[in-house]
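>>> kindly generate the corresponding structure for this input.
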Amino acid sequence: MGAFDLTPGDVGVDNGIKTSTDARFYSISAPLSTEVNNNGKDLVVSFSVRHDQNLDCGGAYIKLIAPGFDQKKFSGDDKYGIMFGPDMCGTSTRKTHVILTDKKGKNLLTKKSVRMESDHATHVYTLILSKDNTYEVQIDGTKAESGSLYDDFDFLLPKTIKDPAQKKPSDWVDNAEMPDPSEVKPAGYDDVPAKIPDSNAKKPEDWDDEEDGEWVAPQVDNPEYKGPWKAKSIPNPAYKGPWVHPEIANPDFVDDATVHNVCNPCSHVGFELWQVKAGTIFDDIIVADSLTEVEAFIATTSKAKASKEVAKREERDAAEKKAQEEAAAAAKAAADSKKEEEADNKDEDEEL
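Numbers count the residues shown, from 1 in each chain. Predicted coordinates:
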């Protein structure tokens, strides 16, 4: 298991928790000030993420966890209501996860692909679950995705299903075209070979029939060959169009106006991650039932720190650039001095 460091990181303004060692699992959790049950309420979770490393593979998502688990053994086996945040591994995975748990304990992944950020700046990820069973993902206060919990997650069984008593009739014609029955294959059509001897080929001068056998010209494509014969297609008069399986009401469908109630309850927040390359910093975590409250919190935390972080990053980059230029200048001066010394030694040798 990897350890979290409490640090502002390379350019941070205040402390966050940072993954410290490459190729490690990470697990940490903390209790909410009060258990959350979002039945009939909006639920907003927000946190900031900054990658000080050149991220290539690693999760950076938060979980709202159900009570009754052992914090010292917190793992992927523990139940959660929400798993939300960025995850990247190579080019195959590069998205913001939105995973919600239904009332049967099944984890449901959004059907949409939500973008993520992987640069070195601090980014704020916010998930808004509304009591009207809609959701919205914001990155840095801007909508990245939104939709209906019914449409974008499989909370409910389908309202209709294909009628099991119905099947496509055996005489159903679903071929829009058919071979023209009036077409007849021309006489001698199959007598034209696909390959013919190359008329431009010549027997090599050193070819010996007794030793090499009878010389045969290599085969080439026959320009006269037209392929297997088939009649031209015409519209099929018996065509009925694609067969559509009739549907009936799903007898197992049960409506639910409270699919938004994924925390019933949630007692903790936590990070349970795998990172190939460590260096991600988490901070500014808030769980609330008011977007206005969350926006006010972000304004005094992540947004307030953003410009200072930019200034510190520019200062650091300028210092690194200056150090590199000074090192290059020193190396050049040393090389020039060595050349001068070698030239002086050569002159002395020539005088001797």
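>>> pretty sure Val259 contacts Lys106?
No: taking contacts as Cβ atoms under 8 Å, Val259 lies outside contact range of Lys106: 11.9 Å. Backbone N, C-alpha and C define where each C-beta goes, glycine included.
>>> and those two? which has more neighbours close in?
Set Val259 next to Lys106 and count neighbours by other Cβ atoms under 10 Å: Val259 wins out with 19 against 10.
>>> any idea which element the closest residue in space to the more buried one that isn't next to it in sequence lies in?
Closest residue to Val259 apart from its sequence neighbours, by Cβ to Cβ, 6 or more residues apart in numbering: Phe155 at 4.1 Å. Counting by DSSP states H and E, there is no helix or strand that carries Phe155.
>>> buried residues in stretch 289-302?
Buried residues in stretch 289-302, defined by neighbour count with 16 or more other Cβ atoms under 10 Å: Leu291, Val294, Glu295, Phe297, Ile298, Thr301, Ser302.
>>> for Asp190, phi and psi?
For Asp190, the backbone dihedrals are phi -80, psi -10 (criterion: degrees, to the nearest 10).
>>> going by residue numbers, what spans are helices in the stretch 251-352 of the chain?
291-300, 302-351 (DSSP state H, counting those that start in this stretch).
>>> and Asp87, which of these is closest to it?
Between Asp87 and the helices of the stretch 251-352 of the chain, the tightest spacing by Cβ to Cβ is seen for helix 302-351, at 20.0 Å.
>>> pick the most deeply packed of the helices of the stretch 251-352 of the chain.
For the helices of the stretch 251-352 of the chain, the largest average neighbour count (mean count of other Cβ atoms under 10 Å) is found in helix 291-300, namely a mean of 14.
>>> mind putting the buried residues of stretch 289-302 in JSON lines, pLDDT included?
Below are the buried residues of stretch 289-302 laid out as JSON lines (pLDDT from 0 to 100):
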{"residue": "Leu291", "pLDDT": "97"}
{"residue": "Val294", "pLDDT": "97"}
{"residue": "Glu295", "pLDDT": "97"}
{"residue": "Phe297", "pLDDT": "97"}
{"residue": "Ile298", "pLDDT": "96"}
{"residue": "Thr301", "pLDDT": "93"}
{"residue": "Ser302", "pLDDT": "90"}
